[in-house]
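Trainee: sequence first, predicted coordinates after that:
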Amino acid sequence: MADALEPKQLTTYFALMEAVSLLQHAVSQQLRAEGGLSYVQFELLARLADSAEPLTMTELADGVVYSRSGLTHQAGLLEKAGLVTRGPSADDQRATVVGITDAGRELVAKVLPGHIDAVRRLLFAPLSTSDLDALGGIMTRVRDHMRAEPPRSAATRRSAKGSGVL
């Protein structure tokens, strides 16, 4: 059995997870109310809108840290709604590429102001410029450390076993 987290580590872990949950809940409510989108659907549309070209499903799954099967389902819903297109890759017939439609771009443009407002109000409002610099540096370092692991799309499937204790 692994050693328990130190008290400061545990407090920091819980504070981070609670803050992320609260922010994601508020943003999810805003996206649902203003655009009928889930957070994952918004994230997919925003990544596609920001890309100069269509992306493969694997690129999308790795970018949004979402399972390939879940992404396939979400992309199917977005395609049925006329917000994205899917088709075979010209470079690799095994790959599927996803592109955003004009309707998808319009929906992103519609929900983005409220999304930005929620993030500013909840995440950035209580931070000073030096807080923001520190938090940005810390979270970038943590993210890069986590991203150094193989991407989820490269991981083999494992059966779910019992969870451990913090």
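Mentor: That came through fine.
Trainee: from now on I want contacts and neighbour counts done on CA atoms only, so please keep to that.
Mentor: Will do.
Trainee: residues of the host helix or strand of residue 49 that come out buried?
Mentor: Here residue 49 sits within helix 39-50, counting by DSSP states H and E. By 16 or more other C-alpha atoms under 10 Å, the buried positions in helix 39-50 come out as 39-49.
Trainee: pairing partners for the helix or strand following it, with directions?
Mentor: Toward the C-terminus, helix 39-50 is succeeded by strand 55-56 as the next helix or strand (DSSP H and E). In the sheet, strand 55-56 lines up against strand 96-100 (antiparallel) (DSSP bridges).
Trainee: tilt between the partner strand and helix 39-50?
Mentor: Between strand 96-100 and helix 39-50, the angle comes out at 80 degrees (axes from the mean of the first three to the mean of the last three C-alpha atoms, to 10 degrees).
Trainee: residue 74 and residue 39 touch, don't they?
Mentor: No: counting by C-alpha atoms under 8 Å, residue 74 stays clear of residue 39, with 10.7 Å between them.
Trainee: least confident secondary structure element in the protein?
Mentor: helix 57-64 (a mean of 86; mean pLDDT, DSSP states H and E).
Trainee: for it, which positions count as buried?
Mentor: Quick answer for helix 57-64 (16+ other C-alpha under 10 Å): 57-58, 60-62.
Trainee: let me have these in JSON lines, extended by distance to residue 132.
Mentor: Converted to JSON lines, these look like this (distance: C-alpha to C-alpha, whole Å):
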{"residue": "57", "distance to residue 132": "33"}
{"residue": "58", "distance to residue 132": "32"}
{"residue": "60", "distance to residue 132": "28"}
{"residue": "61", "distance to residue 132": "28"}
{"residue": "62", "distance to residue 132": "26"}
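Trainee: residues contacting residue 84?
Mentor: 45, 75, 78, 98-101, 104 (C-alpha atoms under 8 Å, 6 or more residues apart in numbering).
Trainee: burial count for the residue lying closest to it once chain neighbours are set aside?
Mentor: Spatial nearest neighbour of residue 84, excluding adjacent residues (C-alpha to C-alpha, 6 or more residues apart in numbering): residue 100 at 4.3 Å. Other residues lying near residue 100 total 25 when counted by other C-alpha atoms under 10 Å.
Trainee: state the pLDDT value of residue 100.
Mentor: As predicted, residue 100 sits at a pLDDT of 97.
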